[in-house]
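Undergrad: Below are the sequence and a predicted model for it; my questions follow.
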Amino acid sequence: MDQDADNKAPPSAVWLGGLGALPFIGLAGAAPFLDGSHRLFVIHALAAYGAVILSFLGGVHWGLAIGSQGAADHPEFRTRLIVSVIPSLAAWTALLFPENLGLLMLAAAVAAMLWVDLRATEAGHAPPWYPKLRIPLTCVVVAALLFGASA
């Protein structure tokens, strides 16, 4: 089997990931040009979308855990399930803080999930191409969240 083919992200994942990054770019890019309630709405929308995507990243790990052939009572299975719900709890918590602080929390959590994703790939739990998708998307998302927090 061709190892390069194994490491290449599927085109559908690349396109969908790229489309999923557009709201981050658009909302963060619009924030500095708005004021008052419009700016607050855009920053809130950015935080809400960031929370949804962070929860989605946790859901990836839930799917990897339940899709594995390991025993449901094995400690590693339970640990992976616990790790998979932490992003949703972090996302929800970030939404309870003022928007700028919440955006910083989301940026840190998205970056932390990249670390989790890289470890999962190294352990063989995620496909070998997953980091090639996640690294650039994480860079865009974290940059947008930080830009939005500073706007």
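TA: In hand now; what should we look at?
Undergrad: Where does the prediction get shaky in this protein?
TA: 1-6, 69-71 (pLDDT under 70).
Undergrad: Helices along that one, start to end?
TA: Applying DSSP state H to the chain gives helices spanning 3-7, 11-30, 36-67, 75-95, 99-122, 130-150.
Undergrad: How about the longest one, which residues are buried there?
TA: Okay, so that is helix 36-67. 39, 42-43, 45-51, 53-55, 57-58, 60-62, 64-65 (16 or more other CB atoms under 10 Å). Yep, even glycine has a C-beta here, placed from its N, CA and C like the rest.
Undergrad: The residue nearest the centre of the chain and residue 61, how far apart?
TA: Central residue check for the chain by CA atoms, centre = their mean: the C-alpha nearest the mean position is that of residue 54, 4.2 Å away. From residue 54 across to residue 61, the span is 12 Å (CB to CB, to the nearest Å).
Undergrad: Equivalent analysis for residue 44, please.
TA: To residue 61, residue 44 is 27 Å away according to CB to CB.
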